[in-house]
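Q: no sequence for this one, just the structure:
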């Protein structure tokens, strides 16, 4: 199967596998059919029936055509054309540079002409302008009887055979077969001109109708209705009219009235008046415009304030959410850590408890009887930490039914149940009669009653508990009264001390009275002005009032003078403050800019230092890697040399072993041959001598053999005895010297014990044995 673009190099074979069994061979071929595209790429330019709703959809179709997969082309790489490796692809992907659409094809949206025609129709509808001509709709391809004939009709659909309502119905018989004859037919009443039909829609009027309906109108020639001045206002852009539109209409009316009062242009005498009126009107319009601009600016400021407040609120909410999320995360981390610590604590306590239960470390055998008799043991309730999960696989017993999980299923299940399930009838149980038919109480009932009485008595005894001991009737405890403490005594002071104490008390009284007088005087001085004011208020003399009035005027004059002086000083301070503020502002501006420049310079310097440091680190790492690589290369070279040397030595050794083995085998073979040859010659000579030997010659041979074997051995033994006797002299002399020095040392440090003497004797015997062993033995 070839690719869609027809690339000769990119060929995909659809053969799955070829299997050959003996002489039979089967081939399986997979054929992939191309998926048909419902629409072509450039139908929005060529197809006259392809229409889009707006220029946005046209732009979307253009973008889709430019980014289509059809423009992607596979270009083979000749070096790796037959490669199947991922890092060596056999082809590359390239976007085709040539545009498949010719240059003379119009790429604009075809709906611009319709939009312009609709705009002209709308303009001529609201404005009477005979100069505007509406272009006619032209259909260049309107070949009804030619190639476009299929576009103007559809095949009729036979009714009642399809569920979809047909576009065209066949003509039916006009005569009703079930209708009465014409003579008996009653004429149909005339159809009324109007009729009322009730219609109910699923939508509201505000959802269905987007803009109010504006009826068409025709302006009488020569008339200019005032209503046509509002033709520029549309729904949503001025309509329905608000306060601003009403003010605009009033201003337009006033302007038309003012234009009617203007002097005509052909009156030269009133040109100045006309110019003054126009200037005044222009100033009024500029003032109105400035007021509108101020209103717009205030509205924009309000909107900006609201946006800033909303942004601050959003920032605060985001900050709060972030803090809450961080706090929740920290709390979760804390809880996890606490849970982990508690789990470890429980685990450690459990281990320690279990360890303390068996301090001696004895191994206890399992008591199967105790395990099965105790329902809290591991047999009945194993722990999950041991690896046993009792509820594993319990989901398979869960009943999953629609009747239990949905409300409709429950209703259906309830409807299927009988009445006695939903409406139970409970009957009160009748008490069983204890007395039999004969009038006697049965033995079983009598025993049950007796057992019940015994059980009640036992329960009462259990609830009573231990009785408190009864108090003694005649024995009473007499408590001893607490002994009274001794009465303290005070020493009687002397007369001089008593007088001195009285004088000190009197002096304290005087000091306290003087302190109270001073406090009253200070309070009087503090509230002197208030006292004087009260005295001036209650003064009745005219002279005092006149004096106070003059004082008041003088005080007011002084206050006015002081206020004027303060005003001058405030003006001077304000001017100085302006000058100082300007100078300080310039200085702070310069300092802030200089600070920013220094910060930027330091930041750039820091970046450069970091880059330099990074470069040095990378150079050091690179040099380290290079050294490691060189050391590894030298090690590998040395290893290679050693391996080659070992191989060479192995080969040399192998060849040397082969040569030595062959030489030894050859030498052994030759020696065997020579020995065999010599032995044969000696045997021949010995046989010849044996044949011609006499008794005397035999005795001579025996004597030679005895002389050559026995006499040398006797000489050797004699020589050994001589050497041994000579060495024994020297050994005895050395022993005497050593013993003398040892006895002197022992005499200095005390007599040795018997154990030490035994040890010395043993050492001497050992030394003599060694000497005997080291002496040369006679050769055998």
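A: Structure received. From a predicted model like this one, the values you see are computed outputs, not experimental measurements.

Q: mind checking the longest helix of the chain?
A: helix 542-691 (DSSP state H).

Q: just the mean pLDDT for that one, thanks.
A: Across helix 542-691, pLDDT averages out at 87.

Q: also stretch 222-242?
A: Mean pLDDT, computed over stretch 222-242, is 77.

Q: got it, and stretch 695-704?
A: Per-residue pLDDT over stretch 695-704 has a mean of 77.

Q: remind me which residues of the stretch 201-350 of the chain are low pLDDT?
A: Applying pLDDT under 70 to the stretch 201-350 of the chain flags residues 201-211.

Q: one step back: which secondary structure elements does the longest helix of the chain contact?
A: On a contact count with 3 or more CB pairs under 8 Å, 6 or more residues apart in numbering; DSSP states H and E, helix 542-691 meets no helix or strand. Quick note: C-beta positions are derived from backbone N, CA and C, even for glycine.

Q: how far off centre is the very next helix or strand once past that helix?
A: Per DSSP states H and E, the first helix or strand lying C-terminal to helix 542-691 is helix 695-749. Distance of helix 695-749 from the chain centroid (CA atoms, centre = their mean, to the nearest Å) equals 101 Å.

Q: what's the answer for stretch 65-78, then?
A: 39 Å.

Q: list the buried ones in it?
A: Within stretch 65-78, the residues that count as buried by 16 or more other CB atoms under 10 Å are 65, 71, 73, 76.

Q: and the pLDDT for the first one?
A: It refers to residue 65. 84.

Q: try the last one
A: Here, the pLDDT recorded for residue 76 equals 87.

Q: does it have beta-bridge partners, and which?
A: With DSSP bridges applied, residue 76 shows beta-bridge pairing to residue 91.

Q: my read is that it contacts residue 91, right?
A: Yes. Under the criterion of CB atoms under 8 Å, residue 76 makes contact with residue 91 at 4.8 Å.

Q: strands along the stretch 201-350 of the chain, start to end?
A: Per DSSP state E, counting those that start in this stretch, the stretch 201-350 of the chain carries strands over the ranges 234-235, 238-239.

Q: so which of those is the most surrounded?
A: Ranked by mean neighbour count, those are led by strand 238-239 with a mean of 14 (mean count of other CB atoms under 10 Å).

Q: now find how far off-centre it is within its chain.
A: Centre-to-centre, strand 238-239 and its host chain are 53 Å apart (CA atoms, centre = their mean).

Q: mind checking which of the strands of the stretch 201-350 of the chain is nearest residue 81?
A: strand 234-235 (67.1 Å; CB to CB).

Q: against which helices or strands is the closest one packed?
A: Helices and strands touching strand 234-235, by 3+ CB pairs under 8 Å, 6+ apart: there are none.

Q: give me the local confidence score for the closest residue to residue 377 other than its chain neighbours.
A: Nearest non-adjacent residue to residue 377, counting by CB to CB, 6 or more residues apart in numbering: residue 371, 4.5 Å away. As predicted, residue 371 sits at a pLDDT of 86.

Q: need the three-state assignment for residue 371.
A: The three-state label given to residue 371 by DSSP: H, G, I helix; E, B strand; the rest coil is helix.

Q: do residue 85 as well
A: coil.

Q: average pLDDT for stretch 115-124, rounded please.
A: Stretch 115-124 carries an average pLDDT of 81.

Q: can you pull the contacts of residue 134?
A: Contact analysis of residue 134 by CB atoms under 8 Å, 6 or more residues apart in numbering lists 117, 120-121, 124.

Q: how about a cut-off of 10 Å?
A: By CB atoms under 10 Å, 6 or more residues apart in numbering, the contact set of residue 134 is 117-118, 120-121, 123-124.

Q: and it, what element?
A: Counting by DSSP H and E, residue 134 is part of no helix or strand.

Q: mind checking how far the residue nearest the centre of the chain is from residue 62?
A: What sits nearest the mean C-alpha location of the chain, by CA atoms, centre = their mean, is residue 329, with 12.1 Å. Plainly put, residue 329 is 49 Å away from residue 62 if you go by CB to CB, to the nearest Å.

Q: what do you get for residue 435?
A: 108 Å.

Q: just to revisit the earlier point, could the strands of the stretch 201-350 of the chain go into JSON lines alongside distance to residue 687?
A: Formatted as JSON lines, the strands of the stretch 201-350 of the chain follow (distance: least, CB to CB, whole Å):
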{"stretch": "strand 234-235", "distance to residue 687": "157"}
{"stretch": "strand 238-239", "distance to residue 687": "160"}
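
Q: tell me which of those sits nearest to residue 601.
A: When the strands of the stretch 201-350 of the chain are compared by CB to CB, strand 238-239 sits nearest residue 601, at 58.2 Å.

Q: tell me the strands beside that closest one, with direction?
A: According to DSSP bridges, strand 238-239 forms sheet pairs with strand 234-235 (parallel).

Q: how distant is the partner strand from the center of its chain?
A: That offset, for strand 234-235, works out to 52 Å (CA atoms, centre = their mean).

Q: what number of residues lie near residue 43?
A: Residues near residue 43, counting by other CB atoms under 10 Å, number 13.

Q: cool, and the one 3 residues further on?
A: Neighbouring residues of residue 46 were enumerated by other CB under 10 Å; the total is 11.

Q: check what pLDDT it gets.
A: pLDDT, the model's per-residue confidence, is 81 for residue 46.

Q: wait, what's in contact with it?
A: Residues counted as contacts of residue 46 (CB under 10 Å, 6+ apart) are 40, 101, 105.

Q: quick one: which of the residues you listed sit in strands?
A: Counting by DSSP state E, no part of those is found in strands.

Q: I'd like those residues laid out as JSON lines, including pLDDT, neighbour count and distance to residue 95.
A: Formatted as JSON lines, the contacts of residue 46 follow (pLDDT from 0 to 100; neighbours: other CB atoms under 10 Å; distance: CB to CB, whole Å):
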{"residue": "40", "pLDDT": "78", "neighbour count": "12", "distance to residue 95": "20"}
{"residue": "101", "pLDDT": "85", "neighbour count": "12", "distance to residue 95": "15"}
{"residue": "105", "pLDDT": "83", "neighbour count": "10", "distance to residue 95": "21"}
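
Q: between those, which is nearest residue 516?
A: residue 101 (116.1 Å).

Q: for the closest one, give me its contacts.
A: 41-42, 45-46, 65, 107 are the contacts of residue 101 under CB under 10 Å, 6+ apart.

Q: equivalent analysis for residue 588, please.
A: Per CB under 10 Å, 6+ apart, neighbours of residue 588: 581, 595.

Q: coming back round to it: run the chain-centre distance for the longest helix of the chain.
A: From the chain centre to the centre of helix 542-691 is a distance of 31 Å (CA atoms, centre = their mean).

Q: the inter-axis angle of that helix versus helix 695-749?
A: Here helix 542-691 points in a direction 150 degrees away from that of helix 695-749 (axes from the mean of the first three to the mean of the last three CA atoms, to 10 degrees).

Q: just put the contacts of residue 46 in a markdown table and tack on distance to residue 221.
A: Shown next, in a markdown table, are the contacts of residue 46 (distance: CB to CB, whole Å):
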| residue | distance to residue 221 |
| --- | --- |
| 40 | 54 |
| 101 | 51 |
| 105 | 47 |
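
Q: ok, the residue nearest to residue 378 when sequence neighbours are not counted - how many residues close by?
A: Leaving aside its chain neighbours, residue 378 sits nearest to residue 371 (6.8 Å; criterion: CB to CB, 6+ apart). Residues lying near residue 371 (other CB under 10 Å) number 13.

Q: check residue 212 too.
A: The criterion is other CB under 10 Å. On that basis, residue 212 has 9 neighbouring residues.

Q: which residues sit in contact with it?
A: Shown in contact with residue 212 (CB under 10 Å, 6+ apart): 234-235, 239-240.
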